[in-house]
Every structure is written in C-alpha cells, then in structure tokens.
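**Student:** Have a look at this fold, sequence not included:
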C-alpha cells in the first residue's frame, strides 16, 4: 500500500510509513486532545518536507485563529499560503440556519473544496471537524448517505485526507459511522491520573497494513507533536566491548580495571546521604572530560543546586554546561504522567544526542500503587537508551531499615551493573561503604570498600578487615593505630634480638680469634722444636756416615 509520510516524529514508525495515500483517515478524540494540531502538522510537514500542497477546511475556527494558534509550534502558515503550498478555508455553519429536506447534499462543499484543491494542486486535505458540518441533521439516513458520499468523493479526488471528529459517548465519533467508512482511524486521548495529565495515541484500524496497536504517549511542545513508540522496542540492540571509566579510579579497579561497558545500564542504589549523586557527578564529569555529551535528568534538585553541591567535593559541572557538553533537565515527577515524562526524556535525548545519561533519582515516580507502571516505563527507557548505545546511570533511594538489596521497582533485573552504597555503623558512628552487587559480562570485586566524600571527590579506601568484619571510620583508625603499635613493638624486639645476636657473634669471633692466636703461638713453638729435632737427626746421621768412612780407611 502506498503511504503518505506524516513527518510527525514517531507516528510514521507506528503506522509503518504514514497514512494511506489517496484515502481518508479519521482522527477522533475528546476536546483538547490535539486533533486539529495533528491534522495541521500533517499538512505543514507535507508541504515543507514532501512537496505536497494541502487544503485545510475548518468549520469551527477562523483562518486567523488557526494561524495564531499554530504559530506557537513554529508553523508560519502565511508564508505557505503566499507560496501556494497551503490553502486555509473557513466555512461558517450555523445549526439554527440549517433546514433538513430530502434534497440536502454536500454538493456546494464539494465544489468549494474542489476549487481549493485545484488552486494549489493539493495532495493533502483536512476537514476540521466533521460534527460541525452535520450538527443540524438529526435524520440518520441523510447523514449516513452524505458521509459515505463525502468519503467516496475524497477517494475519487485521489487526495490523502484527514478528517477530525469528536468522540461519542460509546462510539469513536458522534455519528458512530465515520470509523467504519475510514480506511485508517487514529484515536487521541487526554487523560488525568493521580493529578498528572498525559496524552495517548492509538491506531484503532488501518486497512491493508500492519501497524502498532498499543497506546503510545505523545507530546505537544514548541516543535509540534512527537510520538514515542516505546512499546515497540525489542531486545535487538547491538552491544560493544568498549569500556568507559566511571570517574572514580578505584571503582574502575573494582570493575576489572576498565569501568562500565559502553551502552550498558548502571544502577546506583543506597540510603539517603551515601553519595549516589556524587558517584553520578563523577560519571558525568569523566564523560565531559573525554569530550562526550552528557544529559542529566534531575527530579529532586535544580541544576544550580546540583552544581553548587558538587563544588564541595571538587567537581565543577558548570564549566561543562557552559561548553555545551552537559545539559540538565530538571522537573518534578508530578509535573506530568509517567508516559509523558518518558516522552519528554525520549525527545530530549534525541535532540541532544548524548553519550551518557543520568536519571536521578527513580523514587519520585512512585505514587500510590503504580509500581508496575513505573517498572514498565523504566524498562522501556533503558531499552531505548541501549538502542542508541547510550550508557545510562540510574540512582535509587533505599529506605532505611529495609533490605539493602531491595529495590522498590524491581528494576535490578534490567540493569547491567549494580552498585550498592550502604551505611556501616560501628562504634557509634555511621560510615559509607560501596560494593558491586553485579556487573554482567565482566569480572568484578566482591569486596566492600569504605567510601569517603572528600574535597577532591569520592575516594574508595583499601579493604580493611578486622576480627569482626570490615572496619570503617574511627574503628578502622583505632585498629590501624593498635596494629601500628604492635608492629612497632615487634620491630623493636626484632632489632633488640638482632643486636644481641650481633654481640654474641662478635664475642664468639673474639674467642675464636684468641684461641687461634694461642694455637698459632703453640704451633710456632712446636714447629721450632720439630725443626731442631730434624736438624739434630740429620747431623747425627751425617756424623755416623763420616765415622764409617774413617774406619774403612784404616
């Protein structure tokens, strides 16, 4: 099926390419849900982006009112009209002036609409709203016949038409017929839940084409309408083995020395005051130092408050804001419904194109018993960020007195790396400890390290284990002093024994030297006696030989 792209962010993805080309589409909903704006944006985007002129025929708002209303979205209708890209036509219909007769028909409307289409070569047409056209006709037979005739005439003209209609009590429209003769039906809804409003869009039917069938949140702001097809996201995102630093050197060491996987999701949970936002600030600061963009969603503190607080630990986030590498988006969770918050975060992410995202904290979204909805929203947010290869960090406040590993929204199953900050109470004082609960796909430390907030950032101490477990704070310093004293005592004892050993060695060597000297004297005396004895023996032998010779001569 040929389709006419709407140019509306997200809607073309839901409809598989746009609205049915050359066929009528019904956009219905209650007052204030955005029907007229969606129809107008369909025309404006068509004229600007796809070179398809359009005709907007209104039955409720004048052309002047329409022009002023959509100017807030950045749509300059006057310039499009001057360029013959758009025709605005207002038809005033007064119910009291309509007389019902058997010959009632829309021939005059067809002539007027046909002239407008031919004037600019229109490919797109909007009729807003159809109730105004048939409001004075209680006869259902005439109404149904003319409705069918109108839709058939639009098809014969080959224009892609959008017809807006008010929602009925038990039907999609007041007459309950438009949805059956339309090739595509889009239902808009504006609801309020827990004092927070949100807008939803659903494609009720689309003849001859597959389409998203769920409810999708959409946002109306200064850029027009944006629809977030969050429920269509799957587990098809591509992963990478690239690693990025956490911003804390010893935390990198706890994660095999390399930090987080790029594109992964990180949860930092802990009780109040344990340093969750400080870890997030290090993460953002490290990204900006690498020249990457960071987007910080804050739901408790204003940007100026966050930047002031981080100055106390030596982190200057303001300079990254000034350089355009860091952007804060701070709102209260109650500012909008969950789906609207998700849509705004989606839009901000697409607009800023960051490499890292921080959501601080998650707890504010919990209102009453909406835990399941919050988990669904956060799962879709994490999946969306992963498809964009964005490394995300979420902070989570754990209530005191409950299991440290407990997470209100059970989001830990979708998280790749989970850091747990905890209070460690020893000796009447509370200190901070950090551990890695899990980190998928990488080796990681199983140790609990003391976490210090210093004037130059977060520091993780070397693991110190005493007789009763991990020691922190004063208890650690007392134990360190005790062990240092014991070490000094042992050192002194070793030095004393070494001195005694040296003295003993010297005494022994002196005794050996004296004995050797005495031996040398005795040896010299005995050698002298031996020499004398040998000389006497030699002389005696010589005398005997001489005596023998003298006797032989006689």
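**Tutor:** Now that the structure is in, tell me what you want to look at. No experiment lies behind these values; they were computed from the predicted model shown.

**Student:** show me what contacts residue 309?
**Tutor:** Under the criterion of Cβ atoms under 8 Å, 6 or more residues apart in numbering, the contact list for residue 309 reads 277, 301. (C-beta placed from N, C-alpha, C; glycine too.)

**Student:** whoops, I mixed them up, residue 421
**Tutor:** By Cβ under 8 Å, 6+ apart, the residues touching residue 421 are 268-271, 274-276, 279, 432-434, 451.

**Student:** again, only this time at 6 Å
**Tutor:** 270, 274-275, 434 (Cβ atoms under 6 Å, 6 or more residues apart in numbering).

**Student:** which among these gets closest to residue 184?
**Tutor:** Each of the contacts of residue 421 was scored against residue 184 by Cβ to Cβ, and residue 270 proved nearest at 49.5 Å.

**Student:** returning to that earlier point: can you list the contacts of residue 421 in a markdown table and add distance to residue 52 and pLDDT?
**Tutor:** Converted to a markdown table, those look like this (distance: Cβ to Cβ, whole Å; pLDDT from 0 to 100):
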| residue | distance to residue 52 | pLDDT |
| --- | --- | --- |
| 270 | 55 | 90 |
| 274 | 57 | 90 |
| 275 | 56 | 92 |
| 434 | 58 | 93 |
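
**Student:** Highest neighbour count among those?
**Tutor:** Neighbours here mean other Cβ atoms under 10 Å. Within the contacts of residue 421, the largest count is held by residue 434, at 26 neighbours.

**Student:** How about the contacts made by it?
**Tutor:** Going by Cβ under 6 Å, 6+ apart, residue 434 touches 421, 449, 451.

**Student:** does the last one have beta-bridge partners, and which?
**Tutor:** Each beta-bridge partner of residue 451 is listed here, defined by DSSP bridges: residue 432, residue 460.

**Student:** Number of residues surrounding it?
**Tutor:** By other Cβ under 10 Å, 26 other residues sit near residue 451.

**Student:** What confidence value was assigned to it?
**Tutor:** According to the model's per-residue confidence, residue 451 sits at a pLDDT of 91.

**Student:** my guess is it contacts residue 435, does it?
**Tutor:** No. Counting by Cβ atoms under 6 Å, residue 435 is not a contact partner of residue 451; they are 9.7 Å apart.

**Student:** what about the stretch 401-550 of the chain, any weak spots by pLDDT?
**Tutor:** Regions of the stretch 401-550 of the chain meeting the criterion pLDDT under 70 cover residues 401-412, 427, 464-480.

**Student:** give me that answer again for 80
**Tutor:** For the stretch 401-550 of the chain, applying pLDDT under 80 flags the ranges 401-413, 425-428, 462-485, 548-550.

**Student:** Now do the strands in it.
**Tutor:** Counting by DSSP state E, counting those that start in this stretch, the stretch 401-550 of the chain forms strands over residues 417-426, 429-439, 449-454, 457-460, 465-466, 469-470, given from the N-terminal end onward.

**Student:** what comes up buried for the third one?
**Tutor:** Looking back up the chat, that one is strand 449-454. The neighbour-count check on strand 449-454 (16 or more other Cβ atoms under 10 Å) flags 449-452 as buried.

**Student:** now swap in the fourth one and tell me
**Tutor:** Judged by neighbour count (16+ other Cβ under 10 Å), strand 457-460 contains these buried residues: 457-458, 460.

**Student:** Report the central residue of the protein.
**Tutor:** Nearest to the mean C-alpha position of the chain, by Cα atoms, centre = their mean, lies residue 392 at 2.9 Å.

**Student:** Surely it is within a strand?
**Tutor:** Yes. Using DSSP: H, G, I helix; E, B strand; the rest coil, the secondary structure at residue 392 is a strand.

**Student:** okay but it is in contact with residue 264, surely?
**Tutor:** No. Residue 392 lies out of contact with residue 264 (Cβ under 6 Å); the separation is 7.9 Å.

**Student:** what secondary structure does residue 273 sit in?
**Tutor:** coil.
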